[in-house]
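here is my input; please provide its structure:
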Amino acid sequence: MTTPDSASEMLGEQDSLGLGVGLRTVHFSSILEHWPTVDWFKIISENVVHCGGRPRYVLHQMADRYPIVMHGVSRTGYTPSCCSDWFA
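Predicted structure coming up:
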């Protein structure tokens with residue numbers, strides 16, 4: 001018996017984007033310890049783009065092993081000065 005290399009193989013899906021999971025801070029320790037068999041992780045971009053510290057560290061560690069999909073959920077009136085030209 002062989003161990004599947006990805007969740008897609010485990011589920012037997014041929015033409016799929018695979019199995020993705022939303023990244024939450026409460027799962028950081030478990031993910032870094034066990035490196036689960038998933039194909040990609042989704043982040044809420046507003047939650048991590050301007051963060052430093054542990055969220056940024058974990059994201060960099062995970063990006064070495066998994067594709068990361070960014071999902072923007074809102075566009076409020078807030079525009080960081082570094083990005084003001086993007087929203088003009």
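
spell out the secondary structure type for Thr37.
Here Thr37 is recorded as coil under DSSP: H, G, I helix; E, B strand; the rest coil.

put the alpha carbons of the biggest helix by length in the chain into PDB.
Ranked by residue count and defined by DSSP state H, the top helix of the chain is helix 53-63. The C-alpha coordinates for helix 53-63 follow below in PDB (Å, rounded to 0.1, in the frame of the first residue of the first chain):
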ATOM      1  CA  GLY A  53       5.500  38.600  13.700                       C
ATOM      2  CA  ARG A  54       4.100  35.100  13.900                       C
ATOM      3  CA  PRO A  55       1.500  35.400  11.100                       C
ATOM      4  CA  ARG A  56       4.100  36.500   8.600                       C
ATOM      5  CA  TYR A  57       6.600  33.900   9.800                       C
ATOM      6  CA  VAL A  58       4.100  31.100   9.500                       C
ATOM      7  CA  LEU A  59       3.000  32.300   6.000                       C
ATOM      8  CA  HIS A  60       6.600  32.200   4.800                       C
ATOM      9  CA  GLN A  61       7.100  28.700   6.200                       C
ATOM     10  CA  MET A  62       4.000  27.400   4.600                       C
ATOM     11  CA  ALA A  63       4.700  29.100   1.200                       C
END
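
list the buried residues of the next helix or strand after that helix.
Heading C-terminal from helix 53-63, the first helix or strand you meet, by DSSP states H and E, is strand 68-71. The neighbour-count check on strand 68-71 (16 or more other CB atoms under 10 Å) flags Ile68 as buried. Where C-beta positions appear, they are placed from N, C-alpha and C, glycine not excepted.

strand 68-71 packs against which elements?
strand 40-44 (3 or more CB pairs under 8 Å, 6 or more residues apart in numbering; DSSP states H and E).

quick check: neighbours of the strand it packs on in the sheet, parallel or antiparallel?
If you go by DSSP bridges, strand 40-44 pairs up with strand 20-22 (parallel), strand 68-71 (parallel).

are we agreed that Ser30 is in a helix?
Yes: counting by three-state DSSP, Ser30 is located in a helix.
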